[in-house]
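> just coords:
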Ligand SMILES: NC(=O)c1ccc[n+]([C@@H]2O[C@H](COP(=O)([O-])OP(=O)(O)OC[C@H]3O[C@@H](n4cnc5c(N)ncnc54)[C@H](OP(=O)(O)O)[C@@H]3O)[C@@H](O)[C@H]2O)c1
């Protein structure tokens with residue numbers, strides 16, 4: 001068993017492996033189909049993780065598919081009942097890239113809720129509002145990243161809170177799993193701001209922060 005399984009070797013996987021290593025977690029890293037990609041990412045980050053490819057058993061108590069929503073749906077289908085009892089962190093922003101003007105999920109739902117319908121794992125939304133580029137440091141302008149979290153299962157949500165805090169980040173539980181709808185719109189807003197050349201203050205290395213009153 002490992003603490004965390006991360007699926008994918010792209011931008012978010014890079015950031016999440018970095019934070020998991022900082023948290024002292026044992027990590028299994030599964031590439032899509034080329035184990036060399038997982039080995040290369042681990043070597044580049046200088047971290048000791050177990051590597052493999054999608055299809056191998058998921059050994060982590062927490063599993064984080066660091067992939068787009070369509071790929072996440074494929075992954076939960078492929079792993080089926082073997083994810084029973086796992087904590088599944090859904091990091092996706094299901095942007096409709098054909099319009100770049102909305103999300104590709106049914107009205108009144110979210111990627112998280114759609115994934116929950118397809119897996120026995122306990123799905124918790126987190127990390128969709130933190131940009132990949134900011135996860136390496138875990139902070140922007142000296143402020144630890146806020147990680148907004150939404151989940152229904154108390155123990156699963158608490159496991160995500162514990163991981164986020166151990167990784168040096170600031171966990172903020174925003175409510176039940178259906179709050180993922182608002183988190184996905186929030187993540188999308190940050191993407192729109194960062195993609196807007198008229199707003200150079202927002203970049204792919206900026207962060208959203210909730211400030212408590214003093
Ligand atoms: N980038 C950000 O700042 C950011 C922030 C918050 C949330 N997110 C969310 O994080 C997710 C990943 O984004 P990213 O920027 O890391 O994307 P990315 O760099 O393009 O990486 C995507 C990864 O998914 C893998 N993949 C694709 N199809 C797959 C499949 N069917 N099965 C298994 N693995 C598959 C790819 O493997 P191959 O390269 O081998 O094809 C790649 O490693 C997305 O849902 C995005 O909305 C991103």
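Looks like it arrived, so ask away. All figures in this text were calculated on a predicted structure; none of them were measured in a lab.

> When you work out contacts or count neighbours from here on, use the C-alpha atoms and nothing else.
Noted.

> Get me the contact residues on the protein for the ligand.
The chain comes close to the ligand at residues 8-13, 32, 66-69, 71, 74, 91-94, 127-132, as judged by CA under 6 Å from any ligand atom.

> roughly how far apart are residue 186 and the ligand?
Residue 186 sits 11 Å away from the ligand, going by CA to the nearest ligand atom, to the nearest Å.

> on that earlier part again, tell me which of the residues of the chain next to the ligand fall in strands.
Under the assignment DSSP state E, the residues of the chain next to the ligand contribute nothing to strands.

> now those residues: which count as buried?
Neighbour counting with 16 or more other CA atoms under 10 Å marks 8-9, 12-13, 32, 66-67, 69, 91-94, 127-132 as buried within those.

> which helices and strands does whichever strand or helix holds residue 172 pack with?
Under the criterion of DSSP states H and E, residue 172 resides in strand 170-175. Identification of packing neighbours for strand 170-175 by 3 or more CA pairs under 8 Å, 6 or more residues apart in numbering; DSSP states H and E yields strand 146-151, helix 154-166.

> Deepest in the core, which of those is it.
Most buried of the helices and strands packed on strand 170-175 by mean neighbour count (mean count of other CA atoms under 10 Å) is strand 146-151; its value is a mean of 25.

> and that strand, which strands flank it?
Partner strands for strand 146-151, per DSSP bridges, with pairing direction: strand 122-125 (antiparallel), strand 170-175 (parallel).
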